[in-house]
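Just the structure for this:
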Amino acid sequence: MNQALAIAAPADAPLLHVGPNDVHIKPGFNPRRRPINEASTDFLEFADSVAEHGVIEPIVIRPRPEGGYWLIAGERRLRAARLKQITAIPATVRDVDDETALVLAITENVQREDMTPIEEAEAAHKIMSDLDGNVDEVLRRLGWNRTKLDRRLLLIHAIPEVRDAFLADKIQLGHVELLATIPAESQSGTLKAIIEKGIAVGDFKSRIAAFARNLSTAIFETAGCQKCPHNSSTQIGLFAEHINEGRCANPECFGNKTHAALDAKKQALAGEYNVVFFDTEKLKTDYAVLIEDEVGAEQLSACKGCGNCGALMLTAPGQEGRIAPDVCFSVGCHATKIADHKNDLAAAAKATSSPKGTGKQTVVKGKRNVGNAKKAASKTVNTTPKAVIEQCDRFYREVAGGIANGDINMKMAIAAHALYKDASGFDLEPYIGQKRLTGRHDLIAAFYKLDQAASSKLITALAVYIAQHKKNDNWMDKDLVKTAERMVAITGTNLVGRFKLDEAFLKAHTKAGIEALMHEATNADGQTFVEWLNAKTEKGDDFKKLMGKKSDEIITGILASGFDFSAYVPSCINGRLKDHGINTNDKKE
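Next up, the predicted model:
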């Protein structure tokens with residue numbers, strides 16, 4: 001069984017024999033865009049084979065709410081069985097949602113040899129988007145090498161008209177590959193000429209020089225191109241016909257160098273944005289540009305600190321290396337923020353027009369002007385960047401260390417847990433009233449509620465038990481962090497004054513993330529860092545000037561500014577207790 005089919009049919013998936021007419025084909029679901037021609041010789045021969053030998057490879061299906069099944073993979077086998085009026089065929093059942101079913105269908109179809117390169121390209125693009133550009137995982141699922149993946153993704157730059165022409169057998173794959181290397185605005189007219197004049201791939205490759213890439217637009221170093229035979233500058237004086245000076249007639253070489261330059265630029269942007277994707281790594285339906293008038297100034301600032309907010313880098317011919325900033329890669333969250341902002345504007349407008357309103361709140365050009373009224377609650381983000389999460393983890397572990405140092409009950413709780421983790425099979429019910437708890441955080445919370453006498457009794461019992469039973473270790477880093485958070489919650493520890501804004505915490509953020517922090521950070525007077533810094537000069541643009549500098553200079557400027565961060569606790573830290581489902585009321589009575 002090949003890799004794709006292994007994905008589509010795991011060992012625990014039930015195998016049934018179903019009637020072909022009980023399986024329904026969802027319109028537009030099949031990743032194959034070229035329709036199955038049931039009158040073709042190939043299909044009729046395949047159907048004869050199915051009639052003689054049956055369906056050898058099970059189709060893949062999923063339950064249909066209204067009865068029967070939806071097809072995931074195996075449409076050709078299903079149609080052949082229907083044509084030959086076979087009463088039952090083998091099927092593997094997967095109980096999955098639409099999105100997972102589509103990934104399974106794509107993976108299964110891509111592995112089959114009769115899928116067209118265009119269909120493979122579109123399917124690979126979809127999987128790449130679903131996997132957030134994880135190339136290694138895409139290659140694993142498809143069973144491809146990197147060269148094949150890159151060649152297929154190049155076809156995405158061919159306009160839909162070109163791809164459709166290939167699927168309709170009007171042009172060959174070589175035409176598509178060459179057309180994909182020229183700007184989109186030139187493809188339609190060129191395609192028309194190829195079809196009308198019957199231009200062969202070899203001839204078109206010769207003529208592609210007319211669309212040779214201008215070396216002055218290259219995003220890579222061109223010093224090594226000066227003496228290249230494909231550089232039109234070397235042709236002047238040698239041939240009567242030549243391309244304009246300074247153009248590259250070798251699209252493959254130009255493309256390889258461009259690809260390497262794009263990779264380098266993407267890596268360099270890692271400190272500027274939380275996430276950066278190539279346009280080949282994301283479908284257009286899987287991202288949206290953040291616009292202040294749509295989400296509001298406060299939410300836009302908050303979104304810049306979100307792990308799903310970043311930049312899209314264009315790779316299409318003529319647009320290589322261009323950056324689209326402030327792009328949200330969580331379209332569901334983006335839609336929610338737009339709806340929330342509309343509700344805020346409607347509420348503000350209603351308050352302004354109400355006879356009981358203060359008259360201090362107005363709406364101007366789609367933005368809320370708060371004036372002296374109480375500021376709106378801080379806006380939320382969908383995902384915290386990984387580097388920031390690590391800094392939050394470090395903070396909670398340090399605070400927990402201080403608690404363990406000064407709270408005798410916590411010391412006893414940790415000591416009891418340290419023994420319990422080695423006491424496989426120990427019955428806790430006589431000591432805490434519960435038979436079994438999983439997770440260090442739950443156990444320490446339960447042990448903490450015991451008085452010292454009960455804790456001492458538990459520790460003694462555990463010590464005896466461990467001496468008589470086999471040791472069983474099971475440490476987990478994430479559980480350690482969650483335990484630290486629970487220690488903060490159950491002891492009611494106030495985080496204000498414990499958090500210290502330092503270089504390491506700021507360096508964990510991108511420039512956009514730092515900007516969001518400074519809009520959030522307040523001093524004892526209730527001023528944000530941005531307001532405080534801008535108030536220092538008449539122009540009030542000091543923060544904008546600061547953010548125009550390099551990241552290291554921005555961090556140095558913030559830490560040396562003199563702003564009072566002593567009462568500030570970032571929302572990414574404060575929000576942990578709620579985010580992890582910890583009940584802050586489970587303190588010891």
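
what residue is smack in the middle of this structure?
For the chain, the residue sitting closest to the mean C-alpha position, by Cα atoms, centre = their mean, is Asp132 at 4.4 Å.

in the stretch 201-350 of the chain, which spans are strands?
Taking DSSP state E, counting those that start in this stretch as the criterion, the stretch 201-350 of the chain carries its strands at 213-214, 247-248, 276-278, 288-289, 309-313, 323-328.

list the contacts for the residue nearest to the centre of the chain?
Val275, Phe277, Glu281, Phe329 (Cβ atoms under 8 Å, 6 or more residues apart in numbering). Quick note: C-beta positions are derived from backbone N, CA and C, even for glycine.

Adding mean neighbour count, write the strands of the stretch 201-350 of the chain out as JSON lines.
Converted to JSON lines, the strands of the stretch 201-350 of the chain look like this (neighbours: other Cβ atoms under 10 Å):
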{"stretch": "strand 213-214", "mean neighbour count": "18"}
{"stretch": "strand 247-248", "mean neighbour count": "23"}
{"stretch": "strand 276-278", "mean neighbour count": "20"}
{"stretch": "strand 288-289", "mean neighbour count": "16"}
{"stretch": "strand 309-313", "mean neighbour count": "24"}
{"stretch": "strand 323-328", "mean neighbour count": "18"}
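
would you turn the ones you listed into CSV with distance to Glu137 and mean pLDDT?
Compiled in CSV, the strands of the stretch 201-350 of the chain are given as follows (distance: least, Cβ to Cβ, whole Å; pLDDT from 0 to 100):
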stretch, distance to Glu137, mean pLDDT
strand 213-214, 32, 75
strand 247-248, 34, 74
strand 276-278, 15, 93
strand 288-289, 24, 93
strand 309-313, 19, 92
strand 323-328, 22, 92
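
what's the closest of these to Val399?
strand 309-313 (28.4 Å; Cβ to Cβ).

by contact count, what packs against the closest one?
Helices and strands touching strand 309-313, by 3 or more Cβ pairs under 8 Å, 6 or more residues apart in numbering; DSSP states H and E, are helix 251-268, strand 276-278, strand 323-328.

So for Phe43, which of these sits nearest?
By Cβ to Cβ (comparing all of those), the closest turns out to be helix 251-268, at 36.5 Å.

Quick check: buried residues in whichever helix in the chain runs longest?
Using DSSP state H to define each element, the chain has its longest helix at helix 331-353. By 16 or more other Cβ atoms under 10 Å, the buried positions in helix 331-353 come out as Cys333, His334, Lys337, Ile338, His341, Asp344, Leu345, Ala348, Ala351.

any chance of the helices and strands packed on strand 309-313 in a markdown table, with distance to Leu458 too?
Listed next are the helices and strands packed on strand 309-313 as a markdown table, based on distance: least, Cβ to Cβ, whole Å:
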| stretch | distance to Leu458 |
| --- | --- |
| helix 251-268 | 53 |
| strand 276-278 | 52 |
| strand 323-328 | 50 |
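
do you know which of the ones you listed lies nearest Pro90?
Pro90 sits nearest to strand 276-278 of all these, at 39.9 Å, using Cβ to Cβ.

how many neighbours does Glu57 have?
16 (other Cβ atoms under 10 Å).

And it, how far from Asp279?
Distance, Glu57 to Asp279, using Cβ to Cβ, to the nearest Å: 36 Å.

Now tell me what touches stretch 395-407 from outside.
The set of residues external to stretch 395-407 that reach it, using Cβ under 8 Å, 6+ apart, is 410-411, 414, 480-481, 483-485, 487-488, 491, 493, 495, 498-499, 505, 573, 576.

of the residues you listed, buried ones?
Buried subset of the contacts of stretch 395-407 (neighbour count, 16+ other Cβ under 10 Å): 410, 414, 481, 483-485, 487-488, 491, 495, 499, 505, 573, 576.

In helices, which of the contacts of stretch 395-407 appear?
Using DSSP H, those in helices are 410-411, 414, 480-481, 483-485, 487-488, 491, 505, 573, 576.

before we move on, back to that, can you put the strands of the stretch 201-350 of the chain in CSV and add distance to Trp70?
Listed next are the strands of the stretch 201-350 of the chain as CSV, based on distance: least, Cβ to Cβ, whole Å:
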stretch, distance to Trp70
strand 213-214, 46
strand 247-248, 49
strand 276-278, 31
strand 288-289, 29
strand 309-313, 33
strand 323-328, 31
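
I'd like to know which of these is closest to Thr107.
Closest of the strands of the stretch 201-350 of the chain to Thr107 is strand 276-278, at 21.0 Å (criterion: Cβ to Cβ).
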